[in-house]
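[1] Sequence and predicted structure, then a few things I'm wondering about:
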Amino acid sequence: MKLQYDELIKKWEELRLKAYLPTPNDEWTIGWGHTAGVQPGDVITREQAQIFFERDVAWAEEAVNSLVRVGLTQHQFDALVSLVFNIGTTQFQSSTLLRKLNAGDYDGAANEFPRWKYQEGKVLRGLVRRRAEEMEYFLEPDDVAQTASVKPDEVKTLKPLVQSKEVWAGVGAAATGVGTLLGGLTPSAQIILAVAAVGIGLFFIYNRVKARNKGER
């Protein structure tokens with residue numbers, strides 16, 4: 001899978017075109033959180049910052065793709081990539097979040113996001129807000145959920161019989177015909193004809209179910 005919503009990362013990684021130190025004990029950083037090979041005094045363009053960003057996102061994507069062993073929606077994947085981009089592969093690999101996720105505990109994994117709010121032992125308000133947004137995005141369903149194990153075009157959606165226009169059209173036609181005939185028959189003949197009509201209706205429904213199970217429309 002690939003990251004689709006890069007603003008989930010960019011809004012928290014302030015674009016800086018000149019190398020800076022986020023904190024006194026941090027690494028020299030430039031662009032959107034890029035640190036590899038950055039030296040004091042380095043200056044780049046926005047285009048170079050985008051190239052660095054795409055490279056950095058690629059390793060975060062690779063980490064999520066290789067370490068997560070359960071199906072993910074696009075929202076879940078993007079939230080995890082944002083987290084890994086910030087905390088790194090090593091910490092993600094040993095995290096309780098990943099362990100719960102790979103055990104199929106999606107809600108438990110989501111609840112682990114807020115734990116990653118510390119830097120140098122101190123709670124940072126920016127990290128608190130970032131983790132809250134990542135958690136919310138992780139829990140938000142996709143418009144069309146796509147997972148690693150099930151693709152939308154592989155899932156057949158069948159209408160319930162009570163919503164089937166064909167079924168009700170057939171039943172309605174049968175009812176109309178029965179109503180026309182009943183008017184000129186004796187009571188005993190009417191009962192026999194009514195029972196027969198019910199049988200025909202049930203047979204029609206049975207055939208519709210059988211056809212649907214074979215994949216017919």
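    Yes, it's here.

[2] Which strand runs longest in the chain?
    strand 16-20 (DSSP state E).

[3] Residues contacting the very next helix or strand once past it, please?
    Beyond strand 16-20 on the C-terminal side, the first helix or strand identified by DSSP states H and E is strand 29-31. For strand 29-31, contacts defined as Cβ atoms under 8 Å, 6 or more residues apart in numbering pick out 15-22, 35, 38, 42, 44, 48-50, 52-53. Any C-beta I mention is one placed from the backbone N, CA and C, and that applies to glycine too.

[4] so residue 80, which of the three states?
    Here residue 80 is recorded as helix under DSSP: H, G, I helix; E, B strand; the rest coil.

[5] right, I mislabeled it, should have said residue 132
    Classified using three-state DSSP, residue 132 is helix.

[6] Nearest spatial neighbour of it, chain-adjacent residues omitted?
    In this structure, residue 132 finds its nearest non-sequential neighbour in residue 114, 6.7 Å apart by Cβ to Cβ, 6 or more residues apart in numbering.

[7] if I pick the one you found, what's in contact with it?
    Residues in contact with residue 114 (Cβ under 8 Å, 6+ apart) are 128, 131-132, 135.

[8] Mind doing that once more with 10 Å?
    Residue 114 makes contacts with 127-128, 131-132, 134-135, as judged by Cβ atoms under 10 Å, 6 or more residues apart in numbering.

[9] On the three-state scheme, it is what?
    Quick answer, by three-state DSSP: residue 114 is helix.

[10] mind checking how far it is from residue 96?
    12 Å (Cβ to Cβ, to the nearest Å).

[11] which pair in the contacts of residue 114 spans the largest distance?
    Spatially, the most separated pair among those is 127 and 135, at 12.1 Å (Cβ to Cβ).

[12] Would you mind measuring the gap between the ends of stretch 22-37?
    Separation of the first and last residues of stretch 22-37 by Cα to Cα, to the nearest Å is 16 Å.

[13] Then stretch 66-75?
    One end of stretch 66-75 to the other measures 17 Å (Cα to Cα).

[14] What mean pLDDT does that stretch get?
    Model confidence over stretch 66-75 averages 97 on the pLDDT scale.

[15] same deal with stretch 125-134?
    On average, stretch 125-134 scores 96.

[16] All set now, cheers.
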